[in-house]
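Peer 1: Build the 3D model from these lines:
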Amino acid sequence: MPVLNEHDYLRRAVETVLAQDVAGPVELILALAPSTDGTTELARELAAADDRIVLIDNPAADIPVGLNLAITAGRYPTIVRVDAHSELEPGYTRLALATLERARAANVGGVMRADGRTPFQRAVARAYNSPIGLGGGAYHGGTQEGEAESAYLGVMRRAVLDEVGLFDESIRRGEDWELNLRIRRAGYRVWFDPTLSVTYWPRESWSRLVRQFSATGRWRGELVRRFGRGNSLRFFAPPLLVANIFVALVVGVLQATGVLDGGWAVAASVVYLPIAAYALVIIGVGLGRGGGRGWRDKVWTMAVLPTMHLSWGYGFLIGVLRGAHDTVDTSRLGSRNTPLP
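Peer 2: Numbering: from 1, shown residues only. All right, here's what the predicted structure looks like:
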């Protein structure tokens, strides 16, 4: 479990991991980045109370570095990746180990079930759980078991990781997708099992959400630069939306200034149609059953969806054009989270 500034979530995350009914010895390795909100002190308190918890330092604060340090320090042949912002459902590990054997897979993952504590966080959770929000990846609500492109978190065979290599430490976001790409290219199965479920708590504020999705989009652009066709077509929808909006703005200025007029102005107006269709979809999701019950939930849902899409799409375009370089997700940095109402 890589950990950075997770004081409000760490205790419950650790409790759900240690409560797993596994037939055999277990250890929980926390890779501690330099936190500023009391997370490290809490981790030491938890470790002092349970000798199954092992603490290691992750001074670089990068997720793939922390994961590799934790895996290297581990003693057992199966690696269960867990997250400090998540909670494992009862029986998760036992079921995942059974699926790993039954499917003859190298990595098994399940469904990320996002949840929220405030109207804003609940809106982000609904966006995560909606096919419109994150593009319909299997672990965002899939129901069909089978081979998959990637796995959320993942229960992995250590022998396979030793063979293909651990997480690529030059990739700061999307490192799980890249590792699963190597696993699949080596001839092993990555498997999705919808009976596996993990509760995920998304970002609590607008600024943190924007920073998270901008960084993630930029790294996806970097992965497109590196791996090209290995990327799913669904990753290209948000940047196409951003490009469409940019073109529409240019056309609007040209129409307003009279540079485009007559038949040319009418023909150019076609660029507005995808934006209008997108707006109708967002309004429909917000006002529909998936938009929440109260009016605040519905309004936040209509605000959160384009925030995620546009931040991710803009980051993607920058990543494709310029690369990710040293881009980091700063949404976990700083002091204690300040939720929106």
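
Peer 1: Quick check: buried residues in the host helix or strand of residue 319?
Peer 2: Take DSSP states H and E as the rule and residue 319 turns out to sit in helix 295-322. Under the neighbour-count criterion of 16 or more other C-beta atoms under 10 Å, helix 295-322 has 297-320 buried. In short, each C-beta sits where N, CA and C put it, glycine included.

Peer 1: What number of neighbouring residues does residue 63 come out with?
Peer 2: Residue 63 sits with 24 neighbouring residues when counted by other C-beta atoms under 10 Å.

Peer 1: State the distance from it to residue 57.
Peer 2: 15 Å (C-beta to C-beta, to the nearest Å).

Peer 1: so where do the helices sit in the chain?
Peer 2: Ranges of helices in the chain, per DSSP state H, are 7-18, 39-49, 63-73, 92-102, 119-129, 131-134, 158-164, 175-185, 206-227, 237-256, 262-268, 272-287, 295-322.

Peer 1: Could you check the angle the last one makes with helix 119-129?
Peer 2: Using axes from the mean of the first three to the mean of the last three C-alpha atoms, to 10 degrees, the inter-axis angle of helix 295-322 relative to helix 119-129 is 60 degrees.

Peer 1: try the fourth one
Peer 2: Interaxial angle of helix 92-102 relative to helix 119-129 (the same axes, to 10 degrees): 10 degrees.

Peer 1: Check which helices and strands helix 92-102 is in contact with.
Peer 2: strand 78-80, strand 107-114, strand 155-157, strand 190-200 (3 or more C-beta pairs under 8 Å, 6 or more residues apart in numbering; DSSP states H and E).

Peer 1: same deal with the last one?
Peer 2: Counting contacts by 3+ C-beta pairs under 8 Å, 6+ apart, the secondary-structure elements packed against helix 295-322 are helix 119-129, helix 131-134, helix 206-227, helix 237-256, helix 272-287.

Peer 1: ok, of these, where does mean pLDDT dip lowest?
Peer 2: Sorting these by mean pLDDT places helix 131-134 lowest, at a mean of 83.

Peer 1: So which residues make contact with that helix?
Peer 2: By C-beta atoms under 8 Å, 6 or more residues apart in numbering, the residues outside helix 131-134 that reach it are 126, 127, 128, 140, 141, 281, 282, 285, 305, 308.

Peer 1: Which of the residues in that helix are classified as buried?
Peer 2: By 16+ other C-beta under 10 Å, the buried positions in helix 131-134 come out as 132, 133, 134.

Peer 1: possible to save those residues as TSV with distance to residue 7?
Peer 2: TSV is the format used below for the buried residues of helix 131-134 (distance: C-beta to C-beta, whole Å):
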residue	distance to residue 7
132	32
133	27
134	27
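
Peer 1: and which of these is nearest to residue 178?
Peer 2: Residue 178 lies nearest to residue 134 out of the buried residues of helix 131-134, by C-beta to C-beta, at 17.9 Å.

Peer 1: what number of residues lie near residue 186?
Peer 2: For residue 186, the count of nearby residues is 12 (other C-beta under 10 Å).

Peer 1: which ones are touching it?
Peer 2: Neighbouring residues of residue 186 by C-beta under 8 Å, 6+ apart: 160, 163, 164.

Peer 1: cool, and residue 313?
Peer 2: Residue 313 touches 217, 237, 238, 239, 240, 241, 242, 243, counting by C-beta under 8 Å, 6+ apart.

Peer 1: Could you find the closest non-adjacent residue to it?
Peer 2: Spatial nearest neighbour of residue 313, excluding adjacent residues (C-beta to C-beta, 6 or more residues apart in numbering): residue 238 at 3.2 Å.

Peer 1: give the contact list for that neighbour.
Peer 2: 217, 309, 310, 312, 313, 316.

Peer 1: on that earlier part again, would you reformat the helices of the chain as CSV and include distance to residue 86?
Peer 2: What follows is the helices of the chain, written out as CSV (distance: least, C-beta to C-beta, whole Å):
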stretch, distance to residue 86
helix 7-18, 6
helix 39-49, 15
helix 63-73, 13
helix 92-102, 10
helix 119-129, 12
helix 131-134, 16
helix 158-164, 21
helix 175-185, 13
helix 206-227, 15
helix 237-256, 24
helix 262-268, 47
helix 272-287, 24
helix 295-322, 19
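
Peer 1: Nearest to residue 149, out of the ones you listed?
Peer 2: Among the helices of the chain, helix 175-185 comes nearest to residue 149, with 6.9 Å by C-beta to C-beta.
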